[in-house]
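Q: coordinates only, sequence not included:
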């Protein structure tokens, strides 16, 4: 493996390109018309235009991506996350073109990507699952015997699409219709199933790594309960709700499931944890997760570099006894949503941008000053993550990091994160998947005072001032003191 095409955009494209550099691999960026000046394009060794202005015409266009790989001489494709990352047919097309797919095999993705099939597998190998009912496409639910509240889920779903919560029997029929319609539009598959809803559960997931030939480890768990519209917003590792005994149970369940399919690459087994400490299988994400930095912080491992090495055919270079977890890490996603307008998606041009720096602070970003944020793509702009010897140290460091963050021109949820981090319930580690809905549904950011307004004006003036060019320098949105090389300390 010599040259890797990054079949994605934004901060994950930047992340993979950096990992390629550390391993001595050449990188190839691809871009839609609107991304011609995006940071990942300037950072890569080569760049290929996909054409088109929409995702369907570019980052979702399988033939265009394969043509870009051929034209650039790439011999491997990393899908990142989102877009085609969990599409078994894309993995098969990459492999069929004689290229290396950086991820699980197409067969494993097909087995775990269908949530109904994955749920059956979990039950078969003894991993607890919630009570539920499978429904064939178009089939009506049973007339009786359902426990409410419940949730309708798309079998091929993800990111909250095709998901509907149902509190009473009268609401089931319209929820089924809406979930099927949305799932069909988003995934081309309208199959859904019903599952018991745990309204105050915690969302806890286990990171696994495998080489597909017996080598398999877990890298601890992450807490992902702070969510809006079923989209994670803040993550941390380890979970404040998981005891050492529960950690052993969760991680063993994740390994049992991964071992059953001969898992290769990085993957995440997700669970719901009820208030009695019982856990239930939720799904498997057969890709790198957005929140992987917190795991990298507490393990000192580079997950993307490990993905690339495993895809190149190497055996897993570590055993479970080699994995140690130290300290605590928190990640805050900076998404382009406007809290003052009910968290509607925000658009605009990035007018000024300043990232925090310092020990224990890392920024993963896909934007730069002048970047245009539109409505065509996911709203994630950047991720700020921090590490501390304790959870409280990581929390305080995150508060200071966010206060030092300036992003003007596009509304973000930075101030919401600051409010969350100071919430007594969060400080105590007492959160759940409806935490934001219950406590922050009507939250609005504070009005800017005089001094912040003056600082914003100064930042705009500074951004507009000409700067000396650095010969040969590629634009990079990263400022980081993170763990990127296998074996390095934290």
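A: Everything's here; your move. Just so you know, these numbers come straight off a predicted model, no measurement behind them.
Q: quick one: residues contacting residue 309.
A: 23, 317 (C-beta atoms under 8 Å, 6 or more residues apart in numbering). Quick note: C-beta positions are derived from backbone N, CA and C, even for glycine.
Q: for the helix or strand hosting it, give the mean pLDDT please.
A: Counting by DSSP states H and E, the element that carries residue 309 is helix 303-311. The average pLDDT for helix 303-311 rounds to 98.
Q: continuing past it, what's the next helix or strand?
A: Counting by DSSP H and E, what follows helix 303-311 is strand 328-335.
Q: need the pLDDT of the residue nearest to the spatial centre of the chain.
A: For the chain, residue 290 is the residue whose C-alpha lies nearest the centre (C-alpha atoms, centre = their mean; 2.2 Å). Note for residue 290: predicted pLDDT of 97.
Q: who are the contact partners of the residue lying closest to it once chain neighbours are set aside?
A: If the residues on either side of it in the chain are set aside, residue 290 comes closest to residue 81, at 6.0 Å by C-beta to C-beta, 6 or more residues apart in numbering. Contacts for residue 81 were tallied using C-beta under 8 Å, 6+ apart; they are 8, 12, 287, 288, 289, 290.
Q: phi, psi of the nearest residue to residue 36 once chain neighbours are set aside?
A: Leaving aside its sequence neighbours, residue 36 sits nearest to residue 49 (C-beta to C-beta, 6+ apart; 7.4 Å). Main-chain torsions, residue 49, degrees, to the nearest 10: phi -80, psi 130.
Q: so where's the stretch 151-300 of the chain uncertain?
A: For the stretch 151-300 of the chain, the stretches with pLDDT under 70 are 159.
Q: show me the helices in it, by range?
A: 172-187, 244-260, 292-299 (DSSP state H, counting those that start in this stretch).
Q: please work out which of the ones you listed is packed deepest.
A: When you average the neighbours per residue for each of those (mean count of other C-beta atoms under 10 Å), helix 292-299 leads with a mean of 26.
Q: which strands or helices does it pack on?
A: strand 216-228, strand 231-237, helix 303-311, strand 328-335, strand 361-365, strand 380-388 (3 or more C-beta pairs under 8 Å, 6 or more residues apart in numbering; DSSP states H and E).
Q: picking that back up, Throw the helices of the stretch 151-300 of the chain into CSV and include distance to residue 219, thanks.
A: Putting the helices of the stretch 151-300 of the chain into CSV (distance: least, C-beta to C-beta, whole Å) gives the following:
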stretch, distance to residue 219
helix 172-187, 29
helix 244-260, 9
helix 292-299, 5
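Q: quick one: closest of those to residue 147.
A: helix 172-187 (12.1 Å; C-beta to C-beta).
Q: which residues are in contact with the closest one?
A: Residues contacting helix 172-187 (C-beta under 8 Å, 6+ apart): 135, 137-138, 141, 146, 150, 152-158, 161-166, 189-192.
Q: quick one, helices of the stretch 351-490 of the chain?
A: Residue ranges of the helices in the stretch 351-490 of the chain, as given by DSSP H, counting those that start in this stretch, are 391-403, 414-422, 424-427, 435-440, 450-464.
Q: could you tell me the least trusted of these?
A: Looking at these, the bottom one is helix 450-464 with a mean of 55.
Q: how much space between the spatially closest residue to residue 395 that is not a sequence neighbour and residue 399?
A: Distances taken as C-beta to C-beta, 6+ apart place residue 421 nearest to residue 395, at 5.8 Å, with adjacent residues excluded. Separation of residue 421 from residue 399 (C-beta to C-beta, to the nearest Å): 5 Å.
Q: surely the residue nearest to the centre of the chain and residue 380 touch.
A: Yes - between residue 290 and residue 380 there is a contact under C-beta atoms under 8 Å: 7.0 Å.
Q: find residues that contact each of those two.
A: residue 333.
Q: what's the nearest residue to residue 370 once chain neighbours are set aside in contact with, if anything?
A: The spatial neighbour of residue 370 that comes closest, neighbours along the chain excluded (C-beta to C-beta, 6+ apart), is residue 350 at 6.3 Å. The contact partners of residue 350, by C-beta under 8 Å, 6+ apart, come to 367, 368, 369, 370, 371, 372, 373, 407, 408, 409, 410.
Q: and residue 312, by the same measure?
A: Contacts of residue 312 by C-beta under 8 Å, 6+ apart are 1, 76, 100.
Q: and for residue 138, the neighbour number?
A: Residues lying near residue 138 (other C-beta atoms under 10 Å) number 9.
Q: can you tell me the helix or strand for it?
A: Of the helices and strands defined by DSSP H and E, none includes residue 138.
Q: now do the contacts for it.
A: Contacts for residue 138 (C-beta under 8 Å, 6+ apart) come out as 180, 190.
Q: what about stretch 346-354, distance to the chain center?
A: 22 Å (C-alpha atoms, centre = their mean, to the nearest Å).
Q: same question, stretch 311-320
A: That offset, for stretch 311-320, works out to 23 Å (C-alpha atoms, centre = their mean).
Q: buried residues, that stretch. List them.
A: 311, 312, 316, 318 (16 or more other C-beta atoms under 10 Å).
Q: with stretch 63-75 instead?
A: Using 16+ other C-beta under 10 Å as the test for burial, stretch 63-75 gives 64, 65, 66, 68, 69, 72, 74, 75.
Q: can you redo those residues as a markdown table with distance to residue 224 and secondary structure?
A: Output for those, formatted as a markdown table (distance: C-beta to C-beta, whole Å; DSSP: H, G, I helix; E, B strand; the rest coil):
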| residue | distance to residue 224 | secondary structure |
| --- | --- | --- |
| 64 | 33 | helix |
| 65 | 29 | helix |
| 66 | 33 | helix |
| 68 | 33 | helix |
| 69 | 33 | helix |
| 72 | 35 | helix |
| 74 | 33 | coil |
| 75 | 34 | coil |
